[in-house]
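[1] below is the sequence, then the predicted model.
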Amino acid sequence: MRTPINQLDNRLVNQIAAGEVIERPSSLLKELIENSIDANAALLEVQIERGGLKRITVKDNGYGIPKEELLLALSRHATSRISQFNDLFQVNTLGFRGEGLPSIAAVSRLKLTSRPMDVDTAYEVKVYGGMKVSDPKPTAHSIGSTVEVLDLFYNTPARRKFLRTEKTEFKYCDAILRQIALSHFDVEISFVHDGKLIFHCLKATNRAEKEKRISRICGSAFAKQSFYFEDDYSAMSLSGWMGLPTFSRSQRDLQYFFVNHRVVKDNMISHAVRRSYSDIIYNGRHPAFILFFSISPNLVDVNVHPTKNKVRFRDNRAVHDYIYRILHRSVAQRSPEQVIPLPILSFDKIRNSSGIRHREEYGRYAQKNTRNMAQEKLQACDSITSSIKFGDKMLALPNPEDTSVARKYQAKVNLSQGTKSEQVVPLLGFALGQIKDIYILSENMEGMVIVDMHAAHERITYEYLKLDLDRQTIRSHLMLVPVILNVSIREAELAGLYQQQFSNLGFEVDQIGEEQLIIRAIPELLVPADVETLVRNVLADLTEYGKSDRIEDTCNEILSSVAYHSSVQDNRKLTVEEMNALLRQMEEVECSGQRSHGRTTWISVSLSELNKWFVHGR
Ligand SMILES: Nc1ncnc2c1ncn2[C@@H]1O[C@H](COP(=O)(O)OP(=O)(O)OP(=O)(O)O)[C@@H](O)[C@H]1O
Ligand SMILES: [Mg+2]
């Protein structure tokens, strides 16, 4: 329902986070689109020229503005969203300051045309450089509004100088459109630049349609390598798509976080998200995600920054912990299944390939039927090493609730001959041979498994090191020359408060002055690390979030680096026994419920998938 626009009184105006909001074409585009969304538009047509520098037009089919309010809409501090102070704590719309349109009109030639739902005639008004050019005059327009902005900063040449090239400004505009497309699935959006259609997204109501839009906006790789989750917890809810750890990025370019459908940049939230992926994404890589956080409007203050992309939660800690808990759980529940691209192989290459070792074995297995294959390989493995026990070790999953891949892929085979007991084909199957001395090719009940030898070994080493770290009390290393740290009074207090936690982790940190700490000992594992920065960051975390995981994160980073350097290198020939031993160790790691460490270690291709490659049975 539409509320009339009203002029805010001075007292209320002074309560609103004010400041320059129109910096570049993309910022005015954001203001215009948000206005359309607040007007309940279901259709949005955006056209820009020359990166938005020449012209930006936003047309919507929202509830429109009556003729008598058109000029009011363009005057400062006039808004239909709030009327009194308390409304600031119940903001349900994207806009609330009554500053968007007038700020744009002050630095451009703006034309606003609108026709409310129950009116036959549309009216337009023009404001150039903040000055009214004409009174509202009738014109043709469908129900809804169009704002056309020409020649941004034509009257403020100094600000024009800060603009970038058309191409760069276009990119900023494009980024805004993508954010809107992802945060408002219920709006059909078309975006045209210099007469060229950049994208057109139909309204998306169900999951499949939303994922189609995501694929369009974020690329099909993300759509395929991400998973959907949702959680509803009374005052807060969180849902969205998270990229698999293996779909990590070198930049933070695919990270969207919306609070009540508003794009928000918030360090506390970033910290919670980063934490939930820590230990499963390599240092320096960034996760990809689209997350929707909803919270009751009275628990979040949106009146923090003039650009309206910052918020303040009433209970920061509760929000942080909720987001972290849900994301951490969602990521941990995922299996390391990967999307396997269909390989394009040339027939000649296959015929001439000398990559597969143990050809005889491969051929031998290939001639047998599945049951016999399984039986033969079980027998073969029995003779390989006594430490590989089928039937008890591999069957014994740690947790009956566990939904990990191990359970999914484990297949029971009743062997009528040979042994009487029920036997199991292990998750990663039995090694057939090595490909280019880099990959292990193996066969399980589902079909084919390819294991990256180096990644697998690295993963196993990492998990073992970590287990050691978890079991032992961490050894301290007394520093030859203690480090003196100058800190704030608050940080010094926190160091005292958390002294026991520091000491559990192998640190000896004492306060020696009101604003001075001394580090006398550090965990042995951290000897090569920059301890001063680490302690400072821990204290900064404690100040901001009341807790810190940096020591643990740093230990994990160091472990993964140790694991990397001490693992089997590529191009090493392994015997079948060694290959099978590696596969069994990998399974233990998978079964232990530990998570994958970002790098893909193995992929599985089912027989039906293989059949598809060859259009089997056509
Ligand atoms: N596309 C539109 N459709 C219908 N009404 C609109 C549209 N654009 C603006 N308005 C009306 O004009 C008023 C002023 O818009 P303006 O963008 O200046 O302020 P706001 O959206 O209220 O707050 P903010 O400054 O935070 O954006 C709005 O409150 C709304 O009532
Ligand atoms: Mg607005």
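    Noted; the coordinates are in hand. Please read these numbers as outputs of a predicted model, since none were measured by experiment. Numbers count the residues shown, from 1 in each chain. Ligands and ions are numbered 1, 2, ... in the order given.
[2] hey, let's count contacts and neighbours off CA atoms from now on
    Fine.
[3] got the phi/psi numbers for Ser80?
    phi -100, psi 0 (degrees, to the nearest 10).
[4] what's near enough to touch the residue lying closest to it once chain neighbours are set aside?
    Counting by C-alpha to C-alpha, 6 or more residues apart in numbering, Ser80 lies nearest to Ile5, which is 3.9 Å off, once chain neighbours are set aside. Contacts for Ile5 (C-alpha atoms under 8 Å, 6 or more residues apart in numbering) come out as 69, 72-73, 78-81.
[5] before we move on, what about Leu43?
    60-62, 187-189.
[6] which one (most neighbours) among those?
    Using other C-alpha atoms under 10 Å as the neighbour test, these are led by Asp60, with 28 neighbours.
[7] which one is it nearest to, not counting chain neighbours?
    That would be Leu44: by C-alpha to C-alpha, 6+ apart, it lies 4.8 Å from Asp60.
[8] okay, and the one you found sits in which element?
    Per DSSP states H and E, Leu44 falls inside strand 43-49.
[9] contacts (any at all) between ligand 1 and that strand?
    No - judged by C-alpha under 6 Å from any ligand atom, strand 43-49 stays clear of ligand 1, getting no closer than 9.8 Å.
[10] and that strand, what's its mean pLDDT?
    Across strand 43-49, pLDDT averages out at 97.
[11] what lines up beside it in the sheet?
    Next to strand 43-49 in the sheet, as set by DSSP bridges, lie strand 55-60 (antiparallel), strand 188-193 (parallel).
[12] looking at the stretch 101-250 of the chain, which residue is nearest ligand 1?
    At 3.7 Å from ligand 1, Leu101 is the closest residue in the stretch 101-250 of the chain, using C-alpha to the nearest ligand atom.
[13] give me the neighbour count for that residue.
    Count around Leu101 with other C-alpha under 10 Å applied: 21.
[14] is it true that it lies in a helix?
    Yes - according to DSSP: H, G, I helix; E, B strand; the rest coil, Leu101 belongs to a helix.
[15] does Pro306 sit in a helix, a strand or a coil?
    Per three-state DSSP, Pro306 ends up coil.
[16] surely Ile460 and Met586 touch.
    Yes - using C-alpha atoms under 8 Å, Ile460 makes contact with Met586 at a distance of 6.4 Å.
[17] OK, contacts around Ala106?
    Ala106 neighbours (C-alpha under 8 Å, 6+ apart): 127-131.
[18] about what we covered before: just give me the neighbour total for the residue nearest to the residue of the stretch 101-250 of the chain closest to ligand 1 when sequence neighbours are not counted.
    Nearest residue to Leu101, sequence neighbours excluded (C-alpha to C-alpha, 6+ apart): Leu74, at 5.4 Å. Residues lying near Leu74 (other C-alpha under 10 Å) number 26.
[19] now Arg207
    10.
[20] for the strand ranked longest in the chain, what does the pLDDT average out to?
    If you go by DSSP state E, the chain has its longest strand at strand 476-486. Averaged across strand 476-486, pLDDT comes to 83.
[21] direction included, what does it pair against?
    strand 516-523 (antiparallel).
[22] now the strand it pairs with, how far from the centre of its chain.
    The chain centre lies 36 Å from the centre of strand 516-523; the measure is C-alpha atoms, centre = their mean, to the nearest Å.
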